[in-house]
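1. test case, fold it:
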Amino acid sequence: HMLVVHVAAFSAWAGRGAAPPVRGAWSAAAASPLRVPSPCMAMKWSVGVSEPQEDWRSALSGSLEALGWSDSETPPDLAFVFVPQQFAAKLQDVVSTAARELSPKVLVGVVGAGVLGGGVELDRGEGGISALAGSLPEGTELRPFIMGGESLPVWSQLFGADADASAQRRKGRPGFFLFGDPFSPVSQAMACLDGAWPSSVVTGGLSCPTSERCPTLGLYQAGSRARLLPVGSVLGVGLRGPNVELHSAVAQGAIGVGRSFGVTAGADNTVAELDGVPALARLQEVVDTVKGDQRTVKLIQNGLMVGLRPAATDTEGAIGGGWVGGDDGEDYLIRQVLGATGKGGLVVGDRVVPGETRLRFHVRDEVAASDDLRLLLSRYNLNRQFAGRFGAGAGGAAPLPAAALLFACNGRGSNMFSQERPAHDSAMFAQQVGGGCVPLAGLFCNGEIGPVGVAGIADGRPTARLHGFTAVLAMLWDTSPAGDVPGDAAGDVSQDVS
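-> Residues are numbered from 1 along each chain as shown. Now for the predicted structure:
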């Protein structure tokens, strides 16, 4: 009999329901605010996460106390403060107070469905605040920018006009953090950055407002007052310098099933034929190859997805490929199956081009998502190792990033992983990359931004995409020569962007 596939329309709000009571998100081992200092030689970074609190003042105080940035130290260049939904109405106060206490050059505040940091993930309504702050290598430029209302950046001039290509190489490749709310033109901003800075990594996520009138993005710049951005705004921060790199690793939580096919007929987001055969018939072929695996068959029946990619891609997939692509070592953009046509075709969540797009069926569950992230981070480590420009860490150990941010879907965390996998994504990063000593902070998002696969290590065009059910890891690397010490690092910060 023909397989019956249940399909559902894609929703950016997937996963917003109450999390099942599968575990205590704040363990006994984390009974006080957590702080993790950076192992980096020239960039000092630290993360502070508060215990769950009933009021924003106590939560922020605990977070900043754990952050451990003393008054006697040089203020941080860049800081992030991640705020849960229950404190969304106090975002202005949170950003203003954090800016006053830290005196950073730039501070970004974002509201999420939950927050994470220091190995803890608070995504079940706990009132904790997470903060990450640090210094950047000497010569690093910071460029905050806003898109929305009457504010529109001159994208190619975010870092000024470079006289020639050699000047661009000396200054380094920019990297960008990008945030928006669900009502913002974030996709347009991603496209503009891709056009102006095609070799740059863009990572970030969408905030989680409690209503259509609730601002969820805050910005502070030295010399100006902290302020909230109107609903419908995009907030970004670019950084560029000769000794700083931004890498990304994007785990879409799905594993491929069967081989890949070429889209030979279809239009827009309808796939009519795969390698000359109706798409549903090809799906049945895939099911027949795995019919002895009841778990996979059930996942296909209840949560079928597709991976899409151009016939030729320029992602960093040569080493350790197969984490999502599998049979051909290529990366796929994961999208949901939205329905079927009366002629045996499939309607999917993105555009396809017959003769150019390749498609592979995928499934997603807790096991697949865990395997996906583990394989992706292993692949990231291999790519970094083969790059040959990252020195050894202390005592000859593997080198470590100075800091990292995690933008996780609000459908992950305790909504996806059982009590056997507490703080899954944070723990996996610590195990695979961070060694437990890299400051990591972030939030649970309403959509995640990042290029497919691994990006930022090799040359290429890492086009940013908007994802769902995804974990986007952004890693800041200091490539300063041994012995360099931080000076007035981010001395070049743009003027107020109002």
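2. quick check: longest helix of this structure.
-> helix 366-387 (DSSP state H).
3. list the buried residues of that one.
-> 368-370, 372-373, 375-377, 379-381, 383-384 (16 or more other C-beta atoms under 10 Å). For every residue, glycine as well, the C-beta is placed using N, CA and C.
4. and for stretch 186-194?
-> Buried, per 16+ other C-beta under 10 Å, within stretch 186-194: 186, 189, 190, 192, 193, 194.
5. ranges for the strands of the stretch 251-400 of the chain?
-> 255-267, 270-274, 277-278, 305-310, 333-340, 346-348, 357-363 (DSSP state E, counting those that start in this stretch).
6. tell me which element residue 116 falls in.
-> strand 114-117 (DSSP states H and E).
7. can you put the buried residues of helix 366-387 in JSON lines and add pLDDT?
-> Compiled in JSON lines, these are given as follows (pLDDT from 0 to 100):
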{"residue": "368", "pLDDT": "92"}
{"residue": "369", "pLDDT": "94"}
{"residue": "370", "pLDDT": "94"}
{"residue": "372", "pLDDT": "94"}
{"residue": "373", "pLDDT": "95"}
{"residue": "375", "pLDDT": "93"}
{"residue": "376", "pLDDT": "95"}
{"residue": "377", "pLDDT": "96"}
{"residue": "379", "pLDDT": "94"}
{"residue": "380", "pLDDT": "95"}
{"residue": "381", "pLDDT": "93"}
{"residue": "383", "pLDDT": "91"}
{"residue": "384", "pLDDT": "90"}
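8. need the strands of the stretch 251-400 of the chain in a markdown table (columns: mean pLDDT).
-> Formatted as a markdown table, the strands of the stretch 251-400 of the chain follow (pLDDT from 0 to 100):
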| stretch | mean pLDDT |
| --- | --- |
| strand 255-267 | 96 |
| strand 270-274 | 98 |
| strand 277-278 | 98 |
| strand 305-310 | 94 |
| strand 333-340 | 95 |
| strand 346-348 | 97 |
| strand 357-363 | 96 |
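9. wait, which of these is closest to residue 111?
-> In terms of C-beta to C-beta, the element of the strands of the stretch 251-400 of the chain nearest to residue 111 is strand 333-340, at 25.7 Å.
10. tell me which helix or strand comes right after the helix or strand of the chain with the lowest mean pLDDT.
-> The helix or strand of the chain with the poorest confidence is strand 34-37; it has a mean of 57 (mean pLDDT, DSSP states H and E). Heading C-terminal from strand 34-37, the first helix or strand you meet, by DSSP H and E, is strand 45-49.
11. that next one pairs with which strands?
-> Counting by DSSP bridges, the strands paired with strand 45-49 are strand 34-37 (antiparallel), strand 130-134 (antiparallel).
12. what's the helix or strand following the longest one in contact with?
-> Same thing as strand 130-134. Sequence order places strand 141-147 as the next helix or strand after strand 130-134, per DSSP H and E. Under the contact criterion C-beta atoms under 8 Å, 6 or more residues apart in numbering, strand 141-147 has outside partners 77-78, 105-106, 108, 136, 153, 158-159, 171, 184-185, 188-189, 192, 219, 221, 229, 233-241, 490, 492-494, 497-498.
13. just stretch 185-202 next, same as before
-> Residues contacting stretch 185-202 (C-beta under 8 Å, 6+ apart): 147-148, 153, 155-156, 158, 173-176, 178, 180, 206, 232, 234, 236, 246-248, 447, 449-451, 455-456, 459-466, 474.
14. so of those, which ones are in strands?
-> Using DSSP state E, the subset of the contacts of stretch 185-202 located in strands is 147, 175-176, 178, 180, 206, 234, 236, 246-248, 449-451, 455, 464-466, 474.
15. for residue 463, see how far away residue 452 is.
-> 8 Å (C-beta to C-beta, to the nearest Å).
16. ok, residue 451 next?
-> 6 Å.
17. now the phi/psi pair for the closest residue to residue 205 other than its chain neighbours, please.
-> Closest residue to residue 205 apart from its sequence neighbours, by C-beta to C-beta, 6 or more residues apart in numbering: residue 445 at 3.3 Å. The phi/psi pair for residue 445 (degrees, to the nearest 10) reads phi -110, psi 170.
18. quick one on the thing from earlier: of the buried residues of stretch 186-194, which is the nearest to residue 287?
-> So of the buried residues of stretch 186-194, ranked by how close each gets to residue 287 (C-beta to C-beta), first place is residue 190, at 35.3 Å.
19. mind checking pLDDT for that closest one?
-> Predicted confidence (pLDDT) for residue 190: 97.
20. which residue ranges form the helices in the protein?
-> Under DSSP H, the chain gives helices at 56-67, 91-102, 165-171, 186-196, 279-289, 294-303, 366-387, 424-429.
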